[in-house]
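1. Generate a structure from the sequence data that follows.
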Amino acid sequence: MRLLDRAPVRALLVAATATVVLTACGGNDSDSDSSGSSSSSASSSADGSESSAPAPTAKPADGERIEADGFSYSVPEGWKENKGGAGAALSLAIDVTDKDGFADNVNVVSDPTIVNVKGKQLEDALVKVLENADAQDVEVRDPLTIDGQEAVHSTAVFNLNGNEYRVEQYTLAVDGKGYVITFSHNKDLSEADRDAVDQSILASWSWA
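-> The predicted structure follows:
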């Protein structure tokens, strides 16, 4: 399964955000768009059935609106898009005001190998991907509906050159394309605080 073969690549994409923030300089301000997600009334799981997974309950972020290929989202005030540092990622945004030693960030990559992997099989494959990338404390959390589409939610701790940080990943397929949305945080940030930031961004999400 190619999903497992790409583990080192994904780990590098996640880890790269820790060094990208050193050169992030704010970028250009864009007009804020505080409009929330245009979620459909009924959400769908990966296999096309109606999903019972909850949607984000946080207030949608009302900072910069970021447009990418296939989706758009808003980030909290103080976050900026980093196009130059995105590399192979479809989108990368960073909290340039973060002062705790690790700038929170979100990046989105495309992975075609997850399109036909569903349910428990996808959860198990993601755990193997993270463990093969030397992640620690790997867990599968409750799924979440992002603009009408159910995502598998996993979490893990990475160590980059002695610096530990935690990722929260949301993995799903939309219109035949696989996406992995990765939030990276200081390891010491509480789960509640991580979720508050992540879900404010996910609450603003819109699939094209």
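2. For residue 104, give me its contacts.
-> Contact analysis of residue 104 by C-beta atoms under 8 Å, 6 or more residues apart in numbering lists 79, 94-95, 98, 183-186, 189, 197. For glycine as for every other residue, the C-beta is placed from the backbone atoms N, C-alpha and C.
3. out of those, who's nearest residue 168?
-> Among the contacts of residue 104, residue 183 lies closest to residue 168 (C-beta to C-beta), at 4.5 Å.
4. Confirm for me that that closest one is in contact with residue 165.
-> No - using C-beta atoms under 8 Å, residue 183 is not in contact with residue 165; the gap is 10.3 Å.
5. show me where pLDDT drops low in the chain?
-> Counting by pLDDT under 70, the chain shows low-confidence ranges at 1-51.
6. at 90 what do you get?
-> 1-52, 83-88, 98-102, 113, 116-119, 133, 159-163 (pLDDT under 90).
7. All the helices of it, in order from the start?
-> Ranges of helices in the chain, per DSSP state H, are 2-5, 7-20, 119-132, 191-202.
8. Which positions in the third one come out as buried?
-> Translated: helix 119-132. Across helix 119-132, burial judged by 16 or more other C-beta atoms under 10 Å covers 122-123, 125-127, 129-130.
9. Identify, from the contacts of residue 104, the entry nearest to residue 171.
-> Out of the contacts of residue 104, the member with the shortest distance to residue 171 (by C-beta to C-beta) is residue 183, at 12.4 Å.
10. residues near the closest one, how many?
-> Residue 183: 23 surrounding residues under other C-beta atoms under 10 Å.
11. Kindly report the same for the one 4 residues further on.
-> Applying other C-beta under 10 Å, we find 16 other residues in the vicinity of residue 187.
12. Please name the nearest non-neighbouring residue to it.
-> Ranked by C-beta to C-beta, 6 or more residues apart in numbering and with sequence neighbours excluded, the top spatial neighbour of residue 187 is residue 164, at 4.4 Å.
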